[in-house]
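Novice: Sequence below, structure please.
(chains A and B)
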Amino acid sequence: MALDYRKCAEEIAANIGGGSNVISAAHCATRLRLVIADNSKLNKKALENVDGVKGMFESNGQLQLIIGTGTVNKVYDEFLAVTGVSAASKDDVKKAAASKMPLWKKILKTPGDIFVPILPAIVASGLMMGLVEALAKAIPSFASSGWFGFLDMVANTAFALLPVLVAVSAARVFGANVFLGAVIGLMMVHPALMNAWTVTPTNQPAVWVLGFLKISQVGYQGHVIPVILAVLLLAYVEKFLHKHVPEMIDLFVTPLVSVIVTAFATFVVIGPIFSVLENWVLSGATWLVTKTGGIGALIMGALYPFTVVMGLHHMYNVIEAGMLSSATLGLNIWMPIATAANFAQFGACLAVAIKCRDKKLKSVALPSSLSASLGITEPAIFGVNFRFMKPFIAGVIGGAVGALFGSLVHFTTSVDVYNTAGTLVYAAGSKVPLGATTYGVTGIPGLLAINNIPLYLILLLVSAGIAFAIATVIWKEDKKEEAVDDARMEGEEAKTVLPVATVIRCKNGSVLQPVEGTVISREAIPDATFSAGVLGDGVGIQPSAEVVFAPFDGTVSSVAESRHAVGLESNGMELLIHVGVDTVNMNGDGFTCLVKEGDEIKAGQPLIRFSREKIKAAGYSDTVAVLLTNSDDLEEVVCG
Amino acid sequence: MKTFEYTITDPVGIHARPAGILVKKVKEFASTVTIAKGEKSVNALKLMALMGLGIKQGDKITVTVEGDDEEKAAAEIEAFLKANL
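Specialist: Have a look, this model is predicted:
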């Protein structure tokens, strides 16, 4: 019996208040997903009865109509034609649903969301930069050759112009117009601005004076956090304007105003705040390292990766240059600390790369760790360690210990040590600290700049070794999340979706339909024991999908070893959800259980994934029994 | 109070269907029936708890029956187990 797609689409449109009530329309494998403007215009009863609509859910402003695999896309096409609504991607529609995460989680997740898509660019750039710099230090002739000049340019493009990549990625994450985001990113590294990497105490940027405002003519090369904040602001302004500006002038007004407002905020407020923060970090770091001995180094080694995350680590070059020109230090003793911190992140990232099973993660973690070993830690930190937090902490510990070691070791120098001004600081034969003779390199390329290779190697080993060991022990791959994500990718609901149809009601509460499909009476379940009501009253479901969702908020009281059934409890209701008949004989093949005994569950949360194909292949019915096992003890039980 | 032990022979152990029928059987009697596997014991009337014990083939369970009709109950339950599990 073929479905009349056109008619189905028309009836749906008629009962949702027409196309004008639809903000966006998308579809996944089985259902039509509509974001509705005015929910009061929905005629829900009529919608459920539309031929072709097998079920209806509502969640966070998304109206989901189950049509079925293979047919939903046809109905969708007709729906677009009938209503004139333009196609939206599943992501757009899901974004509204996903915004229900707790704020702190969202904040932690954001850098990862922004960085992961641009990792290929950053990793390539990081690796190249490390290699080119190392070659330049090793082969002096290379350093002045055309090779270096060209390759150096190619290598540091992504980094020098990182703000642009970050801005574009952030625009996508925050829902701003991608091209406007690009404009903001480009603005922050505009050629008219002085390159941030060339700023020194003696080489300061000019200033624009706008009345009482002063805008420093310096760019944000290599910066991350100010860019993210700028684009976040852009997204807010843009969305606000879209809502309130009349459509006629929206195209002219919104981009212009969004960009100008964001530009001012960035250069007058956000940027300068970050410069101030960087200066604080700079002074604090200098004091810690030079005035407090080993403990200061330990603290700095631990804090270093945090400053990278916040994007405040760009100023360290100034400390290093100062140390090299000092008459009492003459050596860059900051470098071993930075190296310890960075190499520890390498160790932690490498641990993840080796320990994980997921191929995609491995393919990100391996090159990221390599890049970190060469001193470019952003891919490792943002792409792996900070995302999973535990490896990051492992890196912090490894870095702290390494930094302590690096600052405490001293050795007898066989050569005279001069500072950059030409003054003798240490005569040959005196005790000197571990330090570099230049700045700008950490990790493996640092071998070419350090004043004691064996000690440096020990430093590398200690930092990375500790981080690697800790990360290996404490980080565990989160398989459950992957299974749930897989279910999500297959077109099933996000965790917050609530099925709407109730299948069992009683005085203690309701049981919502836990599996997509057709609800049948308990007596119709093809199993003598279930249908007779021996295990309680309830319903059966002929499934049209392969995920069992929690039908209420409660706890998991038991999980069958063969994963084909769960016992749930909620407010005195004891519910058995049993997938298929005699499926216990399949011994778990074709079933994935996403919860365990004792887990707290929320309505809509996925519990079991099952393969209808495998059940059928085994020769069993896939009818799902949903039975209130203590129905005899409950009052006012109504099923179906 | 009557107690007896029984070793499960059914390959799939006490799963939904036999658990349900066992509970139905137990309901016929006035006595309180407790089934224990190792340290854990549950009231045999609680289906979910029974299934939660995860009783498999080869497991030895201890059945305790206490009540007015405990003689009859114990005998019938034991017979039931032998026939079905």
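
Novice: Which residue is most remote from the mean position of chain B?
Specialist: Each residue of chain B has a distance to the centre, and by Cα atoms, centre = their mean the biggest one is for B:Asp68: 17.9 Å.

Novice: Which residue is the nearest non-sequential neighbour of that residue?
Specialist: When the adjacent residues along the chain are set aside, B:Asp68 lies closest to B:Ala30, with 5.5 Å between them (Cβ to Cβ, 6 or more residues apart in numbering or on different chains). Heads up, the C-betas are built off the backbone N, CA and C, glycines and all.

Novice: And that neighbour, its phi and psi?
Specialist: Dihedral pair for B:Ala30: phi -80, psi -20, per degrees, to the nearest 10.

Novice: Report the closest residue of chain B relative to chain A.
Specialist: B:Gly52 (3.5 Å; Cβ to the nearest Cβ).

Novice: what's the least confident helix or strand in chain B by mean pLDDT packed up against?
Specialist: Least confident helix or strand, chain B: helix B:47-52 with a mean of 75, by mean pLDDT, DSSP states H and E. Judged by 3 or more Cβ pairs under 8 Å, 6 or more residues apart in numbering or on different chains; DSSP states H and E, helix B:47-52 is in contact with strand A:554-559, strand A:565-570, strand A:573-579, helix B:16-27, strand B:40-43.

Novice: B:Thr64 and B:Asn43, how far apart?
Specialist: Plainly put, B:Thr64 is 10 Å away from B:Asn43 if you go by Cβ to Cβ, to the nearest Å.

Novice: Ok, A:Leu460 next?
Specialist: From A:Leu460 across to B:Asn43, the span is 63 Å (Cβ to Cβ).

Novice: And those two? Which one has more around it.
Specialist: Ranked by neighbour count (other Cβ atoms under 10 Å in any protein chain shown), A:Leu460 and B:Asn43 place A:Leu460 first, with 25 against 13.

Novice: Surely the more buried one is in contact with A:Phe343?
Specialist: Yes: counting by Cβ atoms under 8 Å, A:Phe343 is a contact partner of A:Leu460 at 5.2 Å.

Novice: Now the common contact residues for these two.
Specialist: By Cβ atoms under 8 Å, 6 or more residues apart in numbering or on different chains, A:Leu460 and A:Phe343 have these common neighbours: A:402, A:443.

Novice: Just the element for the residue nearest in space to the middle of chain B, please.
Specialist: Nearest residue to the geometric centre of chain B (Cα atoms, centre = their mean): B:Ile35, 5.1 Å. Element membership for B:Ile35, per DSSP states H and E: strand B:32-37.

Novice: Tell me how far that strand lies from the chain's centre.
Specialist: How far strand B:32-37 lies from its chain's middle: 6 Å, per Cα atoms, centre = their mean, to the nearest Å.

Novice: what's the model's confidence in that strand, averaged?
Specialist: In this model, strand B:32-37 has a mean pLDDT of 88.

Novice: elements contacting that strand?
Specialist: strand B:40-43, strand B:60-66.

Novice: So which residues make contact with the shortest one?
Specialist: When contacts are taken as Cβ under 8 Å, 6+ apart, the neighbours of strand B:40-43 outside the stretch itself are B:32-36, B:49-50, B:52-53, B:62, B:64.
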